[in-house]
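Peer 1: coords please:
(chains A, B, C and D)
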Number of protein chains: 4
Amino acid sequence: MSKPLTTALAQFTAATAGRNMTKAAYVAVTAGVLSMVLLTDRRADEAHKWVSGLLWTCLAYFVFEWLVRLRHMARQGRLSLYVSSSAGLVDAIGALSVPVALLLGAEPRTAWLLSVLWVLKVVPGIPGLRQLRRVLVLESGPLLSVLVIFLMVVFLASVAEYFLERDVQPQTFGSVPAALWWAVVTLTTTGYGDAVPVTPLGRLVAAAVMISGLGVFGLWTGILATGFAAETRRDNFLRTWEAVSKVPFFAALGPSAIADVTHMLRTMELPARTLVIRKGAQGDCMYFIAAGEVEVDLPGKKVQLGEGAFFGEMALLGNNMRGANVSTTKVSRLLVLDLVDFRVLMARHPDLAETIDAEAKRRALENR
Amino acid sequence: MSKPLTTALAQFTAATAGRNMTKAAYVAVTAGVLSMVLLTDRRADEAHKWVSGLLWTCLAYFVFEWLVRLRHMARQGRLSLYVSSSAGLVDAIGALSVPVALLLGAEPRTAWLLSVLWVLKVVPGIPGLRQLRRVLVLESGPLLSVLVIFLMVVFLASVAEYFLERDVQPQTFGSVPAALWWAVVTLTTTGYGDAVPVTPLGRLVAAAVMISGLGVFGLWTGILATGFAAETRRDNFLRTWEAVSKVPFFAALGPSAIADVTHMLRTMELPARTLVIRKGAQGDCMYFIAAGEVEVDLPGKKVQLGEGAFFGEMALLGNNMRGANVSTTKVSRLLVLDLVDFRVLMARHPDLAETIDAEAKRRALENR
Amino acid sequence: MSKPLTTALAQFTAATAGRNMTKAAYVAVTAGVLSMVLLTDRRADEAHKWVSGLLWTCLAYFVFEWLVRLRHMARQGRLSLYVSSSAGLVDAIGALSVPVALLLGAEPRTAWLLSVLWVLKVVPGIPGLRQLRRVLVLESGPLLSVLVIFLMVVFLASVAEYFLERDVQPQTFGSVPAALWWAVVTLTTTGYGDAVPVTPLGRLVAAAVMISGLGVFGLWTGILATGFAAETRRDNFLRTWEAVSKVPFFAALGPSAIADVTHMLRTMELPARTLVIRKGAQGDCMYFIAAGEVEVDLPGKKVQLGEGAFFGEMALLGNNMRGANVSTTKVSRLLVLDLVDFRVLMARHPDLAETIDAEAKRRALENR
Amino acid sequence: MSKPLTTALAQFTAATAGRNMTKAAYVAVTAGVLSMVLLTDRRADEAHKWVSGLLWTCLAYFVFEWLVRLRHMARQGRLSLYVSSSAGLVDAIGALSVPVALLLGAEPRTAWLLSVLWVLKVVPGIPGLRQLRRVLVLESGPLLSVLVIFLMVVFLASVAEYFLERDVQPQTFGSVPAALWWAVVTLTTTGYGDAVPVTPLGRLVAAAVMISGLGVFGLWTGILATGFAAETRRDNFLRTWEAVSKVPFFAALGPSAIADVTHMLRTMELPARTLVIRKGAQGDCMYFIAAGEVEVDLPGKKVQLGEGAFFGEMALLGNNMRGANVSTTKVSRLLVLDLVDFRVLMARHPDLAETIDAEAKRRALENR
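Peer 2: Take a look at the predicted model:
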């Protein structure tokens, strides 16, 4: 193999080993799952050969990925940890399920269905998943209660409906399992219409079940909304706290005031070369640079602002129209202070107000 | 053309150029879209000619509007900005899509279908849209997570259902795309009933999907409710702050107290000649005039109150029944202070309480 | 007519004139509407005569009610106010709609259908309606935005679906109005299944519409939940404030502390002879009597407590088990203080804690 | 009977009498209800004998349970209290309903259907039920309003739909009761599709009903979410307050500060031998031991921490990675302090910060 190819392969291998999801993995998951879907469609039979090839390629990639990670972990002495971790399990399932099914003599079309398990690889990459999981864990008590209530309504209603409808519709309500199917379809307000009560009493029971369905739904949503509100506040505080303590502007504040300020700020992660402020737009917030760098595009010159600097304060000091384009030059983390909170902050900490005011005046003079 | 007609046209042109949506535009959008709907209904064939005429008129208006705006923007040197803006794009689509389709040889009935795009013109006029968009942007992380979870459930469930049902119902579950359709219809709890699992295992999977549907729904709603609550507080604060700082009554307060007061007030924009207070009604709030003018209809005389004045304070000082009709004489912006907040405010700022009390006594004496 | 009968009639007339809904009116509405429902059922034809008689009786009652109110209002010189008020309109509609329909020659079965309008009489009696209406009014901006978005999605989707499905299913998607029906049924996630897209592209559009349906739903709910939370806080404060200021126990507190206390209390309206505390139950709140009277059922004697007194404080001072039955002797308004808030209150206002403690000790000694 | 068997029976009897739900009861409910479901399925006819036997066993257990409890309560002189309590009623129904039905001559298959009532026994064991019930009681006013609005829409819509559709579809809209069925199915957005309006006006009414359905749903959810948020805060405070006051670490704080701290902590009940902290994991909270004991697995030695001690504080003092495994040795109640709240707490009560800091340093030295 030629040198550059070897190097590229080495880089690719390193990237695969180190991170959970590379871009290649996303492409492979998408292409693989879509190919599997196509493979089951009789209308796409003529493309069968190509689709099949694509599937084998994806599988090869996942096997390669798994082996690379196994070697990488073995070298670091974390092999058993990796194999028993959920990521390791998902990797193993992705690499082995289809080959094992083929070896066990499953029909190829059926064996390839297992490639749908590749979507599980996406899970760790979902941005807000940790937050969602925390909500589900913290609220598991009430959520479980609602589930038990759901099941009780389902059982009671399906026995009642079976009793009332079995003679009239032996086909659809001829046993309690059949009535259970009706109850779930109704209580979730899905309502396929394949099983519908026809006797007056049966319909009364069904109406009660539907209205209970709204109630169950409402409780469920209420619980999740409550948990989510608390979690959002907590998550935002955690992410912002780190950043605030690194901005010299806030360093003079005592710890109590910093907690105060943290509640008001919002962090924003931006890639390089992103426009933060568009000249002429309406402005209602200012920015502090927690990490990275931005470039202010003033007439005739470009000014760089680094970590700890702030910009956009003019919009909060009376001049609503943004005066210049500002864009990031590196990956940056900005802290956003809304007009609302700016005013509250200024009222509580007048010294900060003065610092910002002074800097704004200095800049105005300089750019005259 | 006669003079008055020219003037009217000039006024109309100016109005069209300057604002996003004139009343004429609303009429044209409504009439145009309804005509297009009618045009496709075979039962309305005899009215075809009139409907067609109406459509051409609407189209002519939109072309005219677009040209006027192009000229207006060109004169102001903002042509390229306008053309690349979303408003400019919508205007261009509204003016050009139908003619282009006709020129390309599309059947007229089909070409006119494109006039449904005229509804996009309404977007900038939707009152709370900016607020909704901010919520969607700020909560995009969790919302995206839920969407990814939604898609994962859809894919896993449809492959499972395809495997379980394909032999029994080759018509409806004969391929994964068909099963995907079932999964989306079920997970959103829409439940058309065109594809329904019949095997016991298939129904178990379906029940799990329906209950997940409730969960997805609940998460989604919870996220949006949380975001919306934060956004509403923020939006109300912003709108009220401006107004509060213009009311001399609050000028004596320090900035911290103003922030406090702002949280308690609610702005209300009223057209001229609107009844604010009806004599004899129950009252539980008082009003400050941030802009505009109101007229108090006292027995025997009418009193005008201008910017900075307040009224309706009697209701909060023990007399629940409103004593006189009050209506706006101009477009006005009022700040509403609820009884609840009035009491909290009076407790925290006793000096304000005295001012209001003194003024109330003065008025009572005067009107004796 | 004999004397007692005349008196009873006079009393009945007075009650009818003075209040919005008497018990007789509730009975008449329920009986009337149910009779109307029965009248349309062919299976109930043999009971026709009785049902018809009941309907005429209800109608007679509503006509009588309307005439009594008209006379009452005319005597008080408020006739025109009453006639143009919503209550007056509902009364007039209830009394006149059926007779007018019969006079105009409508078939009796059809004319009686109008008696469903009697349910409108229930509206003013709905307990939380004022609160709901305030939420809808205050949040009308965002709710309207969501409605406009809903309509836009409906129009765009139905034109797209009409274009994609009209050739395959001319019966169900043969015109845009038909497709509009499909779009509404789908976007609300009702999903009757009478119109279902079958082309792959049509199904993609439908899937997007269903997911948008979840989004619309979530926004709607989020807005209402936000508004409702604010309104509940406000409403509770208003009702409690009145009561708190009448309890001498809190009189010593300054206005700021009263506002504080008001946020912690909850009012409870109880009819006479209601058990408030059951002996031996777990207790986690104490009560203040804002109006009315309660009776404590101590061993050997019964103690009455009047306005301004408190009870149930033992549960908050360490003894979790309720020591005696307590029931109201009159219609009473109690203020409930939860354990949570009791502790916060005691921490902030130690003097209140001492008063309660001293009284509790005095009672314990007395009852030894 | 041999001695050990008698002892086992006595223990079993004592357990049955004393608690609401023993493990045996859970098994019996599950087995009984599933058997009843199976019994109605014709496909399971060959297993009939076994299923029947299982049902008789479950019934025998519930009769035994009921008798044991009756005796137990009679001995304690609380027989009448137990019989009239909801738990007593459920026990009686569970023990008597099936035998009574069989005695009254009901067909066995039908009589056994009553065994579905056994699921009611699970109710008291549902963890968050008390919380849910409080929400429903406190918000009963608004929830009832929404229910009345729901019923009004149902009645008005079904009469309108009956009037519009009766001639076209006499089968499905031939009477108001039939139209009522349609209205409930539509307003809950269930949409079976067994009754679908076909006239243009009928469809307009139906569209309005569906959109109202979203509104009703939104209101319902909004009310429940609001109530639930308040209840969660209250419930957590109550549970935590008890625990906080038992931790000597917080004893030095005044009552106001304790209320403050209580709002920040979260209680966690853990069984024995549960891993609380995994070495190497990311940490963002610390723990106080309110009851029980934990074991810290340091290299070379194991350290026990008892009631009142705290651990995991390193994660909040700069070192994100957990340094050792920590697991419970007994059933324990821990108080969790999140990083967010830790910082706020430290800012407000610097003395606590010093105590934690000093202890952390002492531990670090000791374990060097």
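Peer 1: Quick check: residues of the stretch 51-200 of chain A near chain D?
Peer 2: A:138, A:141-142, A:144-146, A:148-149, A:151-152, A:155-156, A:159, A:162-163, A:174-177, A:180, A:186, A:189-193, A:196, A:200 (C-beta under 8 Å from any C-beta of the partner chain). All C-beta atoms are positioned from the backbone trio N, CA, C, and that covers glycine.
Peer 1: let's go with 7 Å and repeat that
Peer 2: A:141-142, A:144-145, A:148, A:152, A:155-156, A:159, A:162-163, A:175-177, A:186, A:189, A:191, A:193, A:196 (C-beta under 7 Å from any C-beta of the partner chain).
Peer 1: The residues you listed also near chain B: which ones?
Peer 2: When contact is defined as C-beta under 7 Å from any C-beta, these meet chain B at A:189, A:191, A:193.
Peer 1: what phi and what psi does the backbone show at residue A:299?
Peer 2: phi -60, psi 120 (degrees, to the nearest 10).
Peer 1: Quickly find the element holding the residue lying closest to residue A:63 once chain neighbours are set aside.
Peer 2: In space, residue A:63 comes closest to residue A:95 once its chain neighbours are excluded; the distance is 4.6 Å by C-beta to C-beta, 6 or more residues apart in numbering or on different chains. Assigned by DSSP states H and E, residue A:95 falls within helix A:86-103.
Peer 1: Quick check: which helices or strands does that helix pack against?
Peer 2: With contacts taken as 3 or more C-beta pairs under 7 Å, 6 or more residues apart in numbering or on different chains; DSSP states H and E, helix A:86-103 sits against helix A:48-75, helix A:108-113.
Peer 1: Low-confidence stretches in the stretch 101-250 of chain A?
Peer 2: A:127-128, A:238, A:241-242, A:245 (pLDDT under 70).
Peer 1: Show me which residues of it sit near chain C.
Peer 2: So far as C-beta under 7 Å from any C-beta goes, the stretch 101-250 of chain A lies against chain C at A:191, A:193, A:221, A:225.
Peer 1: thought the third one was touching residue B:221?
Peer 2: Yes - in this structure, residue A:221 sits in contact with residue B:221. The criterion is C-beta atoms under 7 Å, and the distance is 4.7 Å.
Peer 1: Mutual contacts of these two, please.
Peer 2: C:221, D:221 (C-beta atoms under 7 Å, 6 or more residues apart in numbering or on different chains).
Peer 1: among the residues of the stretch 101-250 of chain A next to chain C, which are in strands?
Peer 2: Among those, none falls in strands (DSSP state E).
Peer 1: Farthest-apart pair in these, please.
Peer 2: When C-beta to C-beta is used, the two most widely separated members of these are A:193 and A:225, lying 30.8 Å apart.
Peer 1: Of these two, which one has the most company?
Peer 2: Counted by other C-beta atoms under 10 Å in any protein chain shown, residue A:193 and residue A:225 do not tie: residue A:225 has more neighbours, with 31 against 24.
Peer 1: Hmm, residue B:225 and the more buried one touching each other?
Peer 2: Yes - in this structure residue A:225 lies within contact range of residue B:225 using C-beta under 7 Å: 4.5 Å.
Peer 1: Assign residue A:177 to helix, strand or coil.
Peer 2: helix (DSSP: H, G, I helix; E, B strand; the rest coil).
Peer 1: could you flag which of the residues of the stretch 51-200 of chain A next to chain D are buried?
Peer 2: Burial by neighbour count, 16 or more other C-beta atoms under 10 Å in any protein chain shown: within those this picks out A:141-142, A:145, A:148, A:152, A:155-156, A:159, A:162-163, A:175-177, A:186, A:189, A:191, A:193, A:196.
Peer 1: among those residues, which are in helices?
Peer 2: A:141-142, A:145, A:148, A:152, A:155-156, A:159, A:162-163, A:176-177, A:186 (DSSP state H).
Peer 1: Would you mind checking which of these is nearest to chain C?
Peer 2: Nearest to chain C, judged by C-beta to the nearest C-beta, of these is residue A:186 at 13.0 Å.
Peer 1: quick one: that closest one and residue A:158, what's the gap?
Peer 2: Residue A:186 sits 9 Å away from residue A:158, going by C-beta to C-beta, to the nearest Å.
Peer 1: Equivalent analysis for residue A:218, please.
Peer 2: In terms of C-beta to C-beta, residue A:218 sits 22 Å off from residue A:158.
Peer 1: go on, residue A:267?
Peer 2: In terms of C-beta to C-beta, residue A:267 sits 50 Å off from residue A:158.
Peer 1: Next: residue A:356.
Peer 2: Counting by C-beta to C-beta, the gap from residue A:356 to residue A:158 is 66 Å.
Peer 1: more neighbours, these two?
Peer 2: Comparing residue A:356 with residue A:158 by other C-beta under 10 Å, the one with more neighbours is residue A:158, at 28 against 20.
Peer 1: before we move on, back to that, run the angle between the helix holding residue A:95 and helix A:48-75 for me.
Peer 2: Calculated by axes from the mean of the first three to the mean of the last three C-alpha atoms, to 10 degrees, helix A:86-103 forms an angle of 140 degrees with helix A:48-75.
Peer 1: How far away from the center of its chain is helix A:86-103?
Peer 2: 25 Å (C-alpha atoms, centre = their mean, to the nearest Å).
Peer 1: contacting residues around that helix?
Peer 2: By C-beta under 7 Å, 6+ apart, the list of residues contacting helix A:86-103 from outside reads A:20, A:59, A:62-63, A:65-66, A:69, A:82, A:108, A:111-112, A:114-115, A:117-118, A:120-121, A:124.
Peer 1: Please parse chain A into its domains.
Peer 2: A:3-125, A:138-230, A:249-366 (automatic domain parsing).
Peer 1: So what touches stretch A:181-190?
Peer 2: Residues outside stretch A:181-190 that contact it (C-beta under 7 Å, 6+ apart) are A:150, A:153-154, A:157-158, A:161, A:173, A:191-192, A:195, A:206, A:209-210, A:212-213, A:216, B:186, B:189, B:191, B:203, B:207, B:210-211, B:213-214, D:188-190.
Peer 1: now the strands: where do they sit in the stretch 201-350 of chain A?
Peer 2: A:265-270, A:275-277, A:285-291, A:294-298, A:301-305, A:310-311, A:325-328, A:332-338 (DSSP state E, counting those that start in this stretch).
Peer 1: So what are the sheet partners of the shortest one and their directions?
Peer 2: Read that as strand A:310-311. strand A:285-291 (antiparallel) (DSSP bridges).
Peer 1: Longest helix in chain A, please.
Peer 2: helix A:200-245.
Peer 1: And that helix, how far out from the chain middle?
Peer 2: 18 Å.
Peer 1: on that earlier part again, output the helix holding residue A:95 as CSV, restricted to C-alpha atoms.
Peer 2: Output of helix A:86-103 as CSV, limited to C-alpha atoms (Å, rounded to 0.1, in the frame of the first residue of the first chain):
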residue,chain,number,x,y,z
SER,A,86,-24.0,-0.3,26.4
ALA,A,87,-21.9,1.2,23.6
GLY,A,88,-19.9,-2.1,23.3
LEU,A,89,-23.1,-4.1,23.2
VAL,A,90,-24.6,-2.0,20.5
ASP,A,91,-21.4,-2.3,18.5
ALA,A,92,-21.3,-6.0,18.9
ILE,A,93,-25.0,-6.4,17.9
GLY,A,94,-24.5,-4.2,14.9
ALA,A,95,-21.5,-6.2,13.7
LEU,A,96,-22.8,-9.7,14.6
SER,A,97,-26.5,-9.9,14.3
VAL,A,98,-26.9,-10.2,10.5
PRO,A,99,-23.9,-12.6,10.0
VAL,A,100,-25.1,-14.9,12.8
ALA,A,101,-28.7,-14.9,11.4
LEU,A,102,-27.3,-15.8,8.0
LEU,A,103,-25.1,-18.6,9.5
